[in-house]
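Visitor: Give me a 3D structure for the following:
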Amino acid sequence: LKKRLKVKDLFVIGSVPGTAAGISSVLDCVSRPWLSFKSSCEKSLIQDQPLAERAQINRLLDLKLPHDATFLNPFDALCTTDTCNMLIDGNPVYSDATHLTKFGSILVTNKFRERLLAAARLAKGDQIE
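Guide: The predicted structure is shown next:
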């Protein structure tokens, strides 16, 4: 694939966890406290659908990638072993069911920053300190 794309480094970013089933937007969840899903506005259980499906897709994608490709899993930045954040300190992570807000994008980018920079330095032949 790297040859076909004519690139030195290949980074594949997996699917984001997204919101819990039935929640189309974290903002709706927060702004409508009378709705029954209020209890799951802050976190979603990884075992619940559709998060479990997305986590499985990411696991399979990571397993199937060639060894010289780098897989970046957004679950690593947004989840613990049991739950995924939809709100952090009152900041929504998602703008809708599967798209990150600017805040959520920064969280994911910061999680992967060092891996991306290290790969870029290696590609240039620089030593990692």
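Visitor: Quick check: which element contains the closest residue to Asn110 other than its chain neighbours?
Guide: The shortest distance from Asn110 to any residue other than its chain neighbours is 7.6 Å, reached at Ala77 (CB to CB, 6 or more residues apart in numbering). Glycine gets a C-beta too; all of them are placed from N, C-alpha and C. Ala77 is located in helix 74-78, with elements delineated by DSSP states H and E.
Visitor: Can you pull out the residues in contact with that helix?
Guide: With CB atoms under 8 Å, 6 or more residues apart in numbering as the test, helix 74-78 has contacts from 13-17, 46, 54-55, 58, 84-85, 93, 104, 107-108, 110-112.
Visitor: ChimeraX command for the buried members of those?
Guide: Selecting only the buried entries of the contacts of helix 74-78 in ChimeraX, with 16 or more other CB atoms under 10 Å as the criterion:
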select :14,15,16,17,46,54,55,58,84,85,93,104,107,108,112
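Visitor: This completes my enquiry, with thanks.
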